[in-house]
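Asks: What would the 3D arrangement of this be:
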Amino acid sequence: MTMRKILFTGVAAIGIAALGLVAPASLQAQQAAAVAIDNDDIGGVVTGPKGPEAGVWVIAETRDLPVRFIRIVVTDDSGRYVVPDLPKANYDVWVRGYGLVDSPKVKSAPGKQLNLKAVPAPNETAAAQYYPAIYWYSMMKIPEASVFGSKEAPANVKITDYLNGMKNNGCVGCHQLGQLSTRTIPKYHLEGKTHQEAWVRRIQSGQAGENMVLQAAGQLGGLPFKYLADWTERVAKGELPFAKPTRPQGIERNIVVTLRDWHNDKQYLHDLIASDRRYPTVNAYGPVYGQCEHACNDMPILDPIKNVATNFVLPTTPDMPLALGPGNAGSVKILQPSAYWGEENIWDSKANNHNSMFDRKGRLWLAATGHKPDNPDFCKKGSSHPSAVEFPLNSTNRRVTMYDPKTGKYTAYQTCFGSHHLQFGYDANETLWMSTGGGGGNVGWINTKMLDETGDIQKSQGWTALVLDTNGNGQRDEYTEPGKPQEPGKDMRIGATFYAVMPSPVDGSVWGTLRGNPGAIVRIDPTKNPHKSLAEQYNVPLPGFGPRGGDIDKQGRVWVSLASGHMGVFDRRLCKGPLNGPKATGDHCPEGWAFHQYPGPGFKGIGENSAEASYYSWVDQHNTFGMGDDIPMSTANLMDGLVALNKDGKMVSIRVPYPLGFYAKGFDGRIDDPKAGWKGRGLWAANGDRTPWLIEGGKGTKPLAAHFQLRPDPLAH
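Replies: A predicted model of the protein is given here:
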């Protein structure tokens with residue numbers, strides 16, 4: 001604020017006080033609107049019929065730039081706001097908030113003061129349209145306890161299995177449920193049918209239809225159809241959520257959300273990457289890179305400085321199959337036409353880039369493939385490769401590739417093992433660890449230092465089976481195979497393998513999540529002989545269940561997203577009993593676990609719970625967001641954004657209020673300039689919903705890249 005503004009404001013206040021008068025609301029608004037702004041900001045005050053509106057969002061959107069650009073801030077206690085650092089363009093600016101409906105869009109430009117009038121919702125129905133999806137999804141009834149074990153439910157399916165399948169390890173593991181597009185049914189599916197019949201038909205739509213049918217009709221035996229139908233029918237009749245959200249509080253009002261669209265309106269993005277999580281200044285101010293998974297062979301590239309989106313097509317060979325069909329999330333052909341895309345097949349990936357990681361040199365390593373599934377001989381039985389001697393592998397569907405942005409060179413490496421998530425370790429060899437997503441029974445790695453020095457991918461890679469030291473002698477011996485009874489004197493092999501993969505910064509161990517109910521986390525120690533690593537398994541005890549994504553902090557604690565509606569944390573240091581031996585098969589350290597319930601309402605009738613279905617967890621080890629080091633965070637897949645566990649033990653909602661339906665599958669942190677305060681830090685996430693046309697705006701909208709920043713106060717600029 002200039003000295004002239006300070007003097008003027010001060011004199012006005014003194015004059016009013018001297019007269020013993022109280023300024024009318026209109027004058028209060030004018031004074032509050034005199035917020036300091038630069039020539040690239042828009043600022044002012046938001047008022048409603050009762051005065052200033054605190055804790056509401058101000059949205060500035062433009063389509064003048066090469067990509068659609070949206071910046072969103074929250075008002076302070078006095079209704080004041082500043083939308084900072086806007087690129088030069090013409091903007092539509094409006095107000096959105098709980099208890100309101102959207103205000104009329106006002107044209108504005110950077111450098112202008114703009115007061116806005118909030119519009120109260122005329123009724124509860126109108127107000128509820130802006131609630132996050134969780135408030136609607138939690139309305140769905142859960143089968144009563146008596147249903148499980150009866151003829152209505154499949155044999156051996158428990159209520160926790162049902163919730164696991166209806167949340168992050170099933171339905172909500174692919175797309176949001178509860179936003180307008182899913183709490184209603186398109187006329188295309190509903191006309192002439194009951195809601196239950198419409199749901200049976202609806203889930204057969206498009207290339208994801210087969211996967212949805214296997215989940216709902218196969219694993220859960222058709223049980224969900226009755227409850228989905230009851231839910232959407234009640235919504236259609238006007239029933240509203242039983243809980244109401246509160247407006248952003250505390251530091252939630254300091255969050256700045258910037259969105260840019262990229263890619264295309266048909267094919268989804270699974271994720272994006274911005275930096276090296278170990279060294280978060282890597283790629284400072286650089287482009288972010290997207291991952292297309294089953295949808296396409298593109299690698300979308302977004303330059304946030306120039307606001308330009310480009311694309312790199314991942315090279316594939318004619319003999320590579322489509323990443324569709326058995327073992328994949330999509331089918332080669334549709335089961336039934338889609339209400340949105342008809343009979344068109346919109347997914348056509350071969351490279352199948354699931355997610356990527358930067359190394360400290362600024363290169364991208366991709367969980368993608370550039371070879372057909374059959375493995376070379378050095379991977380198979382009879383090979384002298386030390387990993388093949390222990391656990392030979394005949395084929396794999398997804399391998400590892402590397403892209404160097406500086407040269408544009410793309411290299412496909414023929415790994416024996418599969419990849420799904422990948423993460424660099426903290427060792428001198430710059431080891432890159434890969435999970436395989438749940439199957440395969442092994443975990444693989446690449447010694448990238450050796451690979452750089454020799455170019456020999458055969459010698460630079462390795463993998464290990466997951467084997468528990470159940471005979472307790474400290475070495476890997478003959479073992480029983482998965483599903484077989486434990487035998488005295490033998491070790492035991494785990495059949496599943498890591499979904500998330502987490503190298504520890506503490507002791508060289510590598511952790512992973514095992515999806516399922518109750519699910520587990522597993523630790524391997526590769527520090528002696530990595531090809532014969534020993535594993536430790538720690539099952540998730542109640543009230544937790546259903547892990548999916550996870551990450552590790554600088555203390556070695558593992559944080560996981562749970563279908564129970566919790567962020568779970570496991571600390572191996574708290575274990576009281578032996579960590580190996582005949583009794584250490586999973587349930588031997590419940591004392592190592594703690595649980596933090598996610599925010600938002602829960603399903604009724606099943607006790608205290610949150611309906612949140614978080615896909616992935618990530619630890620901000622280096623204060624890239626501004627809440628401090630080692631802050632555990634999760635995707636908030638039914639709350640339109642992310643959630644962080646603050647040092648005080650409270651959950652902080654990091655929400656995208658527009659467009660409604662934002663859904664992240666992962667996220668990353670980057671420090672562009674450690675000396676630039678909040679402006680040099682931030683989190684990056686992609687809208688990773690497999691059905692991007694179900695977001696607010698409908699068909700024609702593109703996937704979004706979100707940048708989250710935390711100001712010291714709501715008026716900082």
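
Asks: if I read this right, residue 265 contacts residue 698, doesn't it?
Replies: No. Here residue 265 does not reach residue 698: they are 9.8 Å apart, not a contact under CB atoms under 8 Å. Glycine gets a C-beta too; all of them are placed from N, C-alpha and C.

Asks: out of those two, which sits in the busier spot?
Replies: residue 265 (16 against 13; other CB atoms under 10 Å).

Asks: any idea how far the more buried one lies from residue 327?
Replies: Noted for residue 265: a distance of 28 Å to residue 327, by CB to CB, to the nearest Å.

Asks: Could you do residue 476 as well?
Replies: Distance of residue 476 to residue 327, computed by CB to CB: 28 Å.

Asks: cool, residue 117 as well?
Replies: 55 Å.

Asks: Compare those two (neighbour count), which wins?
Replies: Between residue 117 and residue 327, counted using other CB under 10 Å, residue 117 has the larger neighbour count: 15 against 9.

Asks: Go ahead and confirm that one touches residue 45.
Replies: No. Proximity of residue 117 to residue 45 does not meet the contact threshold set by CB under 8 Å, at 10.1 Å.

Asks: shaky segments in the stretch 551-700 of the chain?
Replies: Low-confidence segments of the stretch 551-700 of the chain (pLDDT under 70): none present.

Asks: which residues in it form strands?
Replies: Secondary structure of the stretch 551-700 of the chain (DSSP state E, counting those that start in this stretch): strands at 558-562, 566-570, 593-597, 617-620, 631-636, 641-645, 651-655, 667-671, 681-686.

Asks: Let me know which of those strands is tucked in deepest.
Replies: Using mean count of other CB atoms under 10 Å, the stretch among those with the largest mean neighbour count is strand 558-562, at a mean of 30.

Asks: Against which helices or strands is it packed?
Replies: strand 547-552, strand 566-570, strand 617-620, strand 631-636 (3 or more CB pairs under 8 Å, 6 or more residues apart in numbering; DSSP states H and E).

Asks: ok, now with 6 Å
Replies: Counting contacts by 3 or more CB pairs under 6 Å, 6 or more residues apart in numbering; DSSP states H and E, strand 558-562 packs against strand 547-552, strand 566-570, strand 617-620.

Asks: would TSV of the ones you listed with distance to residue 57 be doable?
Replies: Below are the helices and strands packed on strand 558-562 laid out as TSV (distance: least, CB to CB, whole Å):
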stretch	distance to residue 57
strand 547-552	28
strand 566-570	25
strand 617-620	23
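
Asks: Minimum distance to residue 306: which of these has it?
Replies: With CB to CB, the closest approach to residue 306 among the helices and strands packed on strand 558-562 belongs to strand 617-620: 27.0 Å.

Asks: Can you give the contact residues for the closest one?
Replies: When contacts are defined by CB atoms under 6 Å, 6 or more residues apart in numbering, strand 617-620 is touched by residues 549-551, 553, 559-561, 631-634, 667, 669.

Asks: Widest-spaced pair of the residues you listed?
Replies: Among the contacts of strand 617-620, 560 and 669 lie farthest apart (CB to CB), at 18.6 Å.

Asks: Run a quick check on residue 611 versus residue 604, I expect a contact.
Replies: No. At 10.0 Å, residue 611 does not count as touching residue 604 under the criterion of CB atoms under 6 Å.

Asks: Helices of this protein, start to end?
Replies: Using DSSP state H, the helices found in the chain span residues 3-18, 25-33, 124-128, 133-137, 159-166, 180-183, 187-190, 195-202, 209-213, 223-236, 386-390, 448-454, 457-460.

Asks: now this structure, which segments are flagged as low pLDDT?
Replies: Checking the chain against pLDDT under 70 turns up 1-33.

Asks: Go again with 80.
Replies: 1-34, 327, 438-439 (pLDDT under 80).

Asks: residue closest to the middle of it?
Replies: Of all residues in the chain, the one closest to the mean position by CA atoms, centre = their mean is residue 665, 2.7 Å from it.

Asks: okay, now residue 317: neighbour count?
Replies: 10.

Asks: separation between it and residue 218?
Replies: Separation of residue 317 from residue 218 (CB to CB) stands at 34 Å.

Asks: circling back: could the contacts of strand 617-620 be laid out in TSV, adding distance to residue 406?
Replies: Shown next, in TSV, are these (distance: CB to CB, whole Å):
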residue	distance to residue 406
549	30
550	32
551	28
553	32
559	34
560	36
561	35
631	32
632	34
633	30
634	34
667	25
669	22
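
Asks: got a list of what the closest residue to residue 134 other than its chain neighbours touches?
Replies: Spatially, and ignoring its direct neighbours in sequence, residue 134 is nearest to residue 638 (3.7 Å; CB to CB, 6 or more residues apart in numbering). Residues in contact with residue 638 (CB under 6 Å, 6+ apart) are 133-134, 137, 178, 612-613.

Asks: Repeat that for residue 140.
Replies: Contact analysis of residue 140 by CB under 6 Å, 6+ apart lists 227, 231.

Asks: Swap in 10 Å and give it another go.
Replies: 166, 177-178, 183, 224, 227-228, 230-232, 234-235, 603-604, 611 (CB atoms under 10 Å, 6 or more residues apart in numbering).

Asks: still on that earlier bit, can you tell me which of the helices of the chain is packed in deepest?
Replies: Mean neighbours per residue, mean count of other CB under 10 Å, is largest over those for helix 133-137, with a mean of 27.

Asks: neighbours around residue 489, how many?
Replies: With other CB under 10 Å as criterion, residue 489 counts 10.

Asks: Was I right to think it contacts residue 470?
Replies: Yes. Contact status for residue 489 versus residue 470: in contact at 9.1 Å, counting by CB atoms under 10 Å.

Asks: Surely residue 353 and residue 401 touch.
Replies: Yes. Here residue 353 lies in contact with residue 401, judged by CB under 10 Å, at a distance of 7.8 Å.

Asks: Check the contact lists of the two and give me the overlap.
Replies: Common neighbours of residue 353 and residue 401 (CB under 10 Å, 6+ apart) are 299, 314, 364, 366-369, 419.

Asks: Export those as JSON lines, with columns for neighbour count and distance to residue 199.
Replies: Formatted as JSON lines, those follow (neighbours: other CB atoms under 10 Å; distance: CB to CB, whole Å):
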{"residue": "299", "neighbour count": "25", "distance to residue 199": "35"}
{"residue": "314", "neighbour count": "23", "distance to residue 199": "36"}
{"residue": "364", "neighbour count": "22", "distance to residue 199": "40"}
{"residue": "366", "neighbour count": "30", "distance to residue 199": "36"}
{"residue": "367", "neighbour count": "28", "distance to residue 199": "33"}
{"residue": "368", "neighbour count": "31", "distance to residue 199": "34"}
{"residue": "369", "neighbour count": "30", "distance to residue 199": "35"}
{"residue": "419", "neighbour count": "31", "distance to residue 199": "35"}
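
Asks: Turn those into a markdown table, including distance to residue 452.
Replies: Shown next, in a markdown table, are the shared contacts of residue 353 and residue 401 (distance: CB to CB, whole Å):
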| residue | distance to residue 452 |
| --- | --- |
| 299 | 22 |
| 314 | 21 |
| 364 | 15 |
| 366 | 17 |
| 367 | 19 |
| 368 | 19 |
| 369 | 21 |
| 419 | 19 |
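
Asks: Which ones among the residues you listed lie within strands?
Replies: Of the positions in these, 299, 364, 366 sit in strands, assigned by DSSP state E.

Asks: residues contacting the first one?
Replies: Read it as residue 299. So residue 299 contacts 263, 269, 289-292, 310-314, 351, 353, 356, 364, 366, 368, 401, 403, 410 (CB under 10 Å, 6+ apart).

Asks: And those, which of them are buried?
Replies: The neighbour count (16 or more other CB atoms under 10 Å) marks 263, 269, 289-292, 312, 314, 351, 353, 356, 364, 366, 368, 401, 403, 410 as buried among these.

Asks: What is the nearest of the contacts of residue 638 to residue 461?
Replies: The nearest member of those to residue 461, counting by CB to CB, is residue 613 at 34.9 Å.

Asks: Look up phi and psi at that closest one.
Replies: Residue 613 adopts backbone torsions of phi -130, psi 70, taken as degrees, to the nearest 10.

Asks: Pretty sure it sits against residue 549.
Replies: No. In this structure, residue 613 is not within contact of residue 549 by CB under 10 Å, at 11.5 Å.
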